[in-house]
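# The sequence and its predicted three-dimensional model are supplied below.
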Amino acid sequence: MNVQQLLSNITPDIYQNLKRAIELGKWPDGNKISSEQRQLCMQAVIAYEHKNLSPEEHTGYIPPEPHSYCADDHEHDHPDQDKPIKWVE
């Protein structure tokens, strides 16, 4: 079985168990998870989320904030238009 086949066989229960192992640093049986195992689990979790979940459901998702402009209000009308440089003395 190759990596792609393995990743395609991850069920929601396996996904939850992998996330829990990463969070707690140990497997459900109490054995400590190694650094290499943690890295592989994180890769599997990311692959599962990318394939099966919306971006808003991904681990670590931060919703975008509305952009706030620091320029004058009239400059918002044409954001692609070149603007002159304002020199401050």
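Nice, I can see it.
# residue boundaries of the helices in this protein?
3-8, 12-24, 35-52 (DSSP state H).
# How far does the first one sit from its chain's centre?
When distances are taken as Cα atoms, centre = their mean, to the nearest Å, helix 3-8 is centred 20 Å away from the chain's centroid.
# Please enumerate residues in contact with it?
Here helix 3-8 makes contact (Cβ atoms under 8 Å, 6 or more residues apart in numbering) with A44, A47, Y48, K51. From N, CA and C alone the C-beta is placed, and that goes for glycine too.
# now do 7 Å
Applying Cβ atoms under 7 Å, 6 or more residues apart in numbering, the external contacts of helix 3-8 come out as A44, A47.
# Where does pLDDT dip in the chain?
For the chain, the stretches with pLDDT under 70 are 69, 71-81.
# picking up where we left off before, can you put the helices of the chain in TSV and add distance to C70 and mean neighbour count?
Output for the helices of the chain, formatted as TSV (distance: least, Cβ to Cβ, whole Å; neighbours: other Cβ atoms under 10 Å):
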stretch	distance to C70	mean neighbour count
helix 3-8	44	11
helix 12-24	39	14
helix 35-52	35	14
